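**Student:** Whatever this is, show me its structure:
(one chain, ligands or ions: 2)
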Amino acid sequence: MNQADLEVLISEKEIQAKVGELAETITRDYAGQDLLVVGILKGAFIFMADLVRHIRLPVTVDFMDMSSYGSSTRSSGEVRILKDLEKPIEGKHVLIVEDIVDTGLTLNYIAELLRNRSPKSVRICALLDKPSRRKVDIVPDYCGFTIPDHFVVGYGLDYNDQYRNFRDICIVPAEA
Ligand code: IMP
Ligand code: MG
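**Tutor:** Ligands and ions are numbered 1, 2, ... in the order given. Next comes the predicted model:
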């Protein structure tokens, strides 16, 4: 699968403009405060790298890696921690950065987990939102684009761990 063969859903230019806007809003909302940005591996790595470079606040970063039990296509909501945060988050403003909210089960689990560690606040920033497939009531505090029910790749998002390096967000044909 080549990027040139795929339909572009969101272009690199649109993504970059949106990331700048999200960072502006975040910078305004947390003015005068420190922010811990937590990226969910691996899908968020490119989005997070761009986002934090536009945020004009004292920022620290950390990462979590989760694996969901069950098949790769059916999210069970039971999540195993593969990599946890390095430091306690007590008393900190935490911003979770995720590539996409689909059923919402993963983010719901992570947000609950982090809220139980007594942070000052926990908010969610997702590049993409696919609300049509939602199973739990979770709405990202900051969201780049709401998209229809397509499987998409690029800008960090994968299909079988590939295509994360595509610069645009592209639609994977249903038969792929
Ligand atoms: P959820 O628990 O169903 O919300 O799962 C969210 C995770 O599923 C995301 O972090 C992605 O890794 C993956 N995912 C969901 N939809 C897509 C997609 O269209 N492309 C690539 N990954 C996706
Ligand atoms: Mg992922």
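**Student:** Give the buried residues for the longest helix anywhere in the chain.
**Tutor:** When the chain is parsed with DSSP state H, its longest helix is helix 12-29. Within helix 12-29, the residues scored as buried using 16 or more other Cβ atoms under 10 Å are 15, 18-19, 22-23, 26. Yep, even glycine has a C-beta here, placed from its N, CA and C like the rest.
**Student:** State the next helix or strand along the chain beyond it.
**Tutor:** Next along the chain after helix 12-29, taking DSSP states H and E as the criterion, comes strand 35-41.
**Student:** Can you name the residues in contact with that next one?
**Tutor:** Residues outside strand 35-41 that contact it (Cβ atoms under 8 Å, 6 or more residues apart in numbering) are 26, 45, 48, 51-52, 55, 57-66, 83, 85, 89, 92-99, 106-107, 110, 114, 119.
**Student:** what do you get for stretch 87-97?
**Tutor:** Applying Cβ under 8 Å, 6+ apart, the contact partners of stretch 87-97 are 26, 30, 33-40, 44, 47-48, 51, 62, 107, 110-111, 114, 117-126, 142.
**Student:** List buried residues within these.
**Tutor:** Neighbour-count burial (16+ other Cβ under 10 Å) is assigned, among these, to 26, 30, 35-40, 44, 47-48, 51, 107, 110-111, 114, 119, 122-126, 142.
**Student:** what helices or strands is the helix or strand bottoming out on mean pLDDT in the chain leaning on?
**Tutor:** When the helices and strands of the chain are scored by mean pLDDT, DSSP states H and E, strand 79-83 comes last with a mean of 91. Judged by 3 or more Cβ pairs under 8 Å, 6 or more residues apart in numbering; DSSP states H and E, the packing partners of strand 79-83 are strand 59-68, helix 105-115.
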